[in-house]
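K.L.:
Structure for the following, please:
(chains A and B)
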2 protein chains.
Amino acid sequence: MNKSEPAHPFEGDPVFDLHVGGKMAIRSAVELSGADELSLAYTPGVARVCEAIAADPEMTHHYTWVPNTVAVITDGTAVLGLGDIGPAAAMPVMEGKAILFKQFGGVDAIPICLATTDVDEIIETVVRLAPSFGGINLEDISAPRCFEIEARLKELLPIPVFHDDQHGTAVVALAALKNALRLTGRTPGDTRVVISGAGAAGVAVARILLEAGIKDLAVVDRRGVLNSERGDLTPVKKALAVDTADNFGRSGTLADILDGADVFIGVSGGTVPEEWIATMADDAIIFGLANPNPEVHPDVAHRHARVVATGRSDFPNQINNVLAFPGIFRGAFDVRATAITEGMKVAAADALADLVGDALAEDMVIPDPFDPRVGPAVAAAVAEAARRDGVAKA
Amino acid sequence: MNKSEPAHPFEGDPVFDLHVGGKMAIRSAVELSGADELSLAYTPGVARVCEAIAADPEMTHHYTWVPNTVAVITDGTAVLGLGDIGPAAAMPVMEGKAILFKQFGGVDAIPICLATTDVDEIIETVVRLAPSFGGINLEDISAPRCFEIEARLKELLPIPVFHDDQHGTAVVALAALKNALRLTGRTPGDTRVVISGAGAAGVAVARILLEAGIKDLAVVDRRGVLNSERGDLTPVKKALAVDTADNFGRSGTLADILDGADVFIGVSGGTVPEEWIATMADDAIIFGLANPNPEVHPDVAHRHARVVATGRSDFPNQINNVLAFPGIFRGAFDVRATAITEGMKVAAADALADLVGDALAEDMVIPDPFDPRVGPAVAAAVAEAARRDGVAKA
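P.N.:
Below is the predicted model:
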């Protein structure tokens, strides 16, 4: 190579330098140093393993990498905050996800970026791929398509299917909220919560909060509170309205509904003016989870709230999905779970919340992503919940 | 675990012991020891890599693992000699293939076993997966479906598509045959060849021999020599008949056509009686490639032939695909080839044949699979041929 020619187009930029050649690789788990090993790992020996699986498909669990392998599947339509950038451009995120699966959960993850955005085609493609994987992690698929894709795949496949943008966020947000409620002396039943954003994350956060006992909950989209008076709701939003704002007759704009609210959770990407936040209850709790720009900047939020969390690593209380998805799949795989139930998600959130323990404080409502206890604790709680929910095969 | 309980059902069997947990794993290529690295490899840093690829898809080549990654795709319909055992039972072979890709070619290979055997569904599924991979290796898909699947995928995709059961076998067989001809003082133009078997391997071996200058070639299936007098031929067999036996008016049974033949190549899995072999020309060449039972046992073959090769590692002259596919994809990837051409396959065979060099002898017409020169030599020859054929992008 010519010395004056850079080895890659963005040489010297730390992000691009780190990405050269990609972030992951395959590694052989067996040593092949000669014909003898080759005859065990490949022909003729391997034929007997194939025959054993053909005779009893359960043998897949013992003699292949399938039960520890998750497909990280996207169509590139909702990548980070970048939107619909297509499958090729989504790959760096999926590779990142894959190495997080490995590092924090010991899970082998394969990034699959699909050249289709059609709901039926995505579903049938994943069904055809399924014999190769122990689980399916859907990623960065736009709402509301993501809801139907996940729901139908869960029906069709006998393995865990998990849309991380929904449930990973929901689990970690619930964990942080549980600790924030504890700290501010609230119980779920007497806490008034507002969620801004009714996309993948907003819907899932709302659902898990209901599961965890939050009753007075309003979800707000660009046109205001989701309730049944509105005629413009998708089926998913309509169902959510019935289970949330309808029960307390909530309506109006985000500004209206924030008045007196205990908790604000932003998963919308917009900006909330300080004067709206200022009307919240005493000891308010504000989670601004949009990345890189939280709905409420922590400096502003702290003027009006006791507990503040964001999605960013440079502020305390980072709501980071990596706290959840590696341990959730680890736990599911450890007991050969056939699905990831609501109970398993809540158990993951409880385990995360409990890890904070005596360190609980305004700036410590959720563990650090690099806390080595996180993955194992989440996995153990999820495995136990899978047994309890009757979806564990081992 | 209870001490008396085996860790897995076939504990103590070396083949199954080696397969516990599967034969491969994912490995992270970057270190993630804290929040700083996480912010480069994942959010927020990764977003800039995604944007760079969205702006210029060529950036995929620099900043993802895609250009070094091949999907090893099967539908489980023709696995080894086992036949249609389905996708789950095919996985051990695909994992084996994947680790051979890594060890002998430095290629990251992902096994994908599909839950469909429909030709159109396989094709559309692979097309949808294609953004995630730098190449497609089709494996153990039954004939004649494999021909249509490969041909249509080659048309549809801008990346190498290679059916190893066809072309891997063909490349290695051609390499061994070139050396055997050299040893017995023959030239391709004056050599009479008989191939028994008109499945994936038989058709591909025939095609590459024609490409390499063999003229008098007859391919035989269960009903005899393929020629245009027969009314029972598939389109693939019909086309092959026109290019082979028709040119020399060959017809009859395998026994008929072996009389006076210089070369016999068996890729059928049947058994050829010694009395038929005995009628071949002096200094005959016999390749019995069925595994584990060659069409002619080497002990029998040696009574009537000067050069004998098999698919087995426990006899000299092993025709093993692993001599070809890792180096072929390595070479193709090194120059970002958009296809694997006939010229690249013949170049691979030439490189393999040349590696034998002065060691050429009756029991050494093809290198050993563990000869460390093999992968690099094949890769270099394939890369050069890709440039020559105008399919190299780098």
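
K.L.:
Can you name the element that comes right after the strand or helix carrying residue A:155?
P.N.:
Here residue A:155, judged by DSSP states H and E, is contained in helix A:145-156. The helix or strand immediately downstream of helix A:145-156 is strand A:161-163, counting by DSSP H and E.

K.L.:
Helix A:145-156 and the next helix or strand after that next one, what's the angle between them?
P.N.:
As assigned by DSSP H and E, the chain's next helix or strand after strand A:161-163 is helix A:164-183. Orientation of helix A:164-183 against helix A:145-156 (axes from the mean of the first three to the mean of the last three CA atoms, to 10 degrees) gives an angle of 100 degrees.

K.L.:
send the alpha carbons of the helix or strand following helix A:164-183 over as CSV?
P.N.:
Using DSSP H and E, the next helix or strand after helix A:164-183 towards the C-terminus is strand A:192-196. Extracted C-alpha coordinates of strand A:192-196, given in CSV (Å, rounded to 0.1, in the frame of the first residue of the first chain):
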residue,chain,number,x,y,z
ARG,A,192,-49.5,9.1,38.3
VAL,A,193,-47.3,8.4,35.2
VAL,A,194,-47.1,10.1,31.9
ILE,A,195,-45.3,8.5,28.9
SER,A,196,-44.5,10.7,26.0
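
K.L.:
list the buried ones in the lowest-mean-pLDDT helix or strand in chain A?
P.N.:
The least trusted helix or strand in chain A, going by mean pLDDT, DSSP states H and E, turns out to be helix A:35-41, with a mean of 92. Across helix A:35-41, burial judged by 16 or more other CB atoms under 10 Å in any protein chain shown covers A:38, A:39, A:40, A:41. To be clear about C-beta, it is placed using only N, CA and C from the backbone, and glycine gets the same treatment.

K.L.:
Check the stretch 51-200 of chain A for the residue nearest chain B and tell me.
P.N.:
residue A:65 (2.9 Å; CB to the nearest CB).

K.L.:
tell me the contacts of that residue?
P.N.:
By CB atoms under 8 Å, 6 or more residues apart in numbering or on different chains, the contact set of residue A:65 is A:29, A:108, B:21, B:22, B:23, B:24, B:25, B:95.

K.L.:
Check whether the least confident helix or strand of chain A comes near chain B.
P.N.:
Yes - Helix A:35-41 reaches chain B (CB under 8 Å from any CB of the partner chain) through A:35, A:37, A:38, A:39, A:40, A:41.

K.L.:
which residues touch the spatially most central residue of chain A?
P.N.:
For chain A, residue A:168 is the residue whose C-alpha lies nearest the centre (CA atoms, centre = their mean; 2.2 Å). Going by CB under 8 Å, 6+ apart, residue A:168 touches A:162, A:321, A:324, A:325, A:328.

K.L.:
what's the closest of these to residue B:255?
P.N.:
residue A:162 (61.0 Å; CB to CB).

K.L.:
Who does the closest one form a beta bridge with?
P.N.:
Counting by DSSP bridges, residue A:162 forms beta bridges with residue A:137.

K.L.:
Just the pLDDT at the closest residue to chain B within the stretch 251-394 of chain A, thanks.
P.N.:
Minimum separation of the stretch 251-394 of chain A from chain B (CB to the nearest CB) falls at residue A:313, amounting to 4.3 Å. pLDDT, residue A:313: 87.

K.L.:
On the three-state scheme, it is what?
P.N.:
coil (DSSP: H, G, I helix; E, B strand; the rest coil).

K.L.:
so it makes contact with residue B:35?
P.N.:
Yes - under the criterion of CB atoms under 8 Å, residue A:313 makes contact with residue B:35 at 4.3 Å.

K.L.:
quick revisit: who does the helix holding residue A:155 touch, helix- and strand-wise?
P.N.:
Where contact means 3 or more CB pairs under 8 Å, 6 or more residues apart in numbering or on different chains; DSSP states H and E, helix A:145-156 is packed against helix A:119-129, strand A:135-138, strand A:161-163, helix A:164-183, helix A:200-211.

K.L.:
Including mean pLDDT and distance to residue B:54, could these go into TSV?
P.N.:
Below are those laid out as TSV (pLDDT from 0 to 100; distance: least, CB to CB, whole Å):
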stretch	mean pLDDT	distance to residue B:54
helix A:119-129	98	20
strand A:135-138	98	21
strand A:161-163	98	22
helix A:164-183	98	19
helix A:200-211	97	21
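
K.L.:
measure residue A:174 to residue A:241 for me?
P.N.:
Using CB to CB, to the nearest Å, residue A:174 is found at 21 Å from residue A:241.

K.L.:
out of those two, which sits in the more crowded spot?
P.N.:
Shown here are residue A:174 and residue A:241; by other CB atoms under 10 Å in any protein chain shown, residue A:174 has more neighbours (27 against 22).

K.L.:
Nearest residue to the more buried one in space, please, no chain neighbours.
P.N.:
The shortest distance from residue A:174 to any non-neighbouring residue, by CB to CB, 6 or more residues apart in numbering or on different chains, is to residue A:349 (4.0 Å).

K.L.:
Over to residue A:28?
P.N.:
Here the residue nearest residue A:28, using CB to CB, 6+ apart, is residue B:99, at 4.0 Å.

K.L.:
does that neighbour count as helix, strand or coil?
P.N.:
Secondary structure state of residue B:99, per three-state DSSP, is helix.

K.L.:
show me the contacts for it.
P.N.:
Shown in contact with residue B:99 (CB under 8 Å, 6+ apart): A:26, A:28, A:29, A:30, A:32, A:41, B:23, B:24.

K.L.:
just the strands in chain A please.
P.N.:
A:24-28, A:69-74, A:108-113, A:135-138, A:161-163, A:192-196, A:216-221, A:224-225, A:263-266, A:284-288, A:305-310 (DSSP state E).

K.L.:
which other helices and strands contact the last one?
P.N.:
Contacts of strand A:305-310 with other secondary structure elements, assessed using 3+ CB pairs under 8 Å, 6+ apart, are made with helix A:164-183, strand A:284-288, helix A:298-302.
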